[in-house]
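Novice: have a look at this prediction, sequence included:
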Amino acid sequence: MDPPVAARAEDTARAPMSDTAPASAKVFTRAYNTTTRAVTLTFDADYWSPGNPAEVLRILRENGFDWTFDTTGYQGASTAQILQRVRQHTVPGATIVMHLSNESTDTAALPSVISTLRSMGYGFTTPYLAVIRGVIGDKYGALGARNSVLGFPRTDETATPDGVGWHNHFQKGSIYWSPETAAHEVHGMIRDKWAALGWGRGLLGYPLSDEVGVTGGRGSQFQGGNVY
């Protein structure tokens, strides 16, 4: 019987939606071609809106790329369903496609997927090495880096759509920087509300504080107001 082998984690380059499929295909090719007896986790692009993950998968298949199974988080699969697929279909040489985005349940399930694979005897090599630098990097380190409330990085440092600031997304939140506001973390339901209002381009603008405890709950200050 073959011993357990290491799982190799890859992540796609972040690209505009029109470039999502080619970017995904490029990374998937590298992961697939270098996999012999290892399990590969290949992550689709982070930003789906207004994209369609099923369309990306179709384009990949039409271009000759293949995988062992898809965790189907973009279809709303529960964590229990995703873990069941991982236990059922993971074998040496398998390639697992996951969809890490705000709309996909794969994002929340990923820590459990990693724990499940470890319990099956797998280890991990070559994790995604995000570019986190400068003031945002300092902020991430001050919060505790991967052991903080934010968890592991999900994107490289990226310019904000309005061209004013920079940001990194993490498993459980984000850090945003602008020249007028410095770098601050946003996470949880406050981040969800801020995102729904348009991020930094919305009426609230950029964060002026980290999330802090307030009487009766939690709160964050923004340029245009507060969220509690």
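Specialist: Yes, it's here. Numbers count the residues shown, from 1 in each chain.
Novice: contacts for stretch 161-175?
Specialist: 46, 107, 110-111, 130, 132, 134, 136, 139-140, 149-160, 176-179, 181, 183-188, 191, 199-201, 206 (CB atoms under 8 Å, 6 or more residues apart in numbering). For every residue, glycine as well, the C-beta is placed using N, CA and C.
Novice: how is this protein carved up into domains?
Specialist: Split into domains by automatic domain parsing, the chain comes to 7-125, 134-227.
Novice: tell me where this protein has strands.
Specialist: Ranges of strands within the chain are 7-11, 39-44, 69-70, 95-99, 124-125, 158-159, 166-170, 173-178, 182-187, 212-214, 217-222, 225-227, based on DSSP state E.
Novice: on contacts alone, who are the packing partners of the third one?
Specialist: In terms of contacts (3 or more CB pairs under 8 Å, 6 or more residues apart in numbering; DSSP states H and E), strand 69-70 is packed against strand 95-99.
Novice: partners of the strand it packs on, with directions?
Specialist: Strand 95-99 pairs in its sheet with strand 39-44 (parallel), strand 69-70 (parallel), by DSSP bridges.
Novice: quick one, what contacts the residue lying closest to D138 once chain neighbours are set aside?
Specialist: The shortest distance from D138 to any non-neighbouring residue, by CB to CB, 6 or more residues apart in numbering, is to A183 (7.4 Å). The contact partners of A183, by CB under 8 Å, 6+ apart, come to 135-136, 138-139, 175-177.
Novice: so W67 makes contact with H89?
Specialist: No: with contact defined as CB atoms under 8 Å, W67 does not reach H89; the gap is 10.3 Å.
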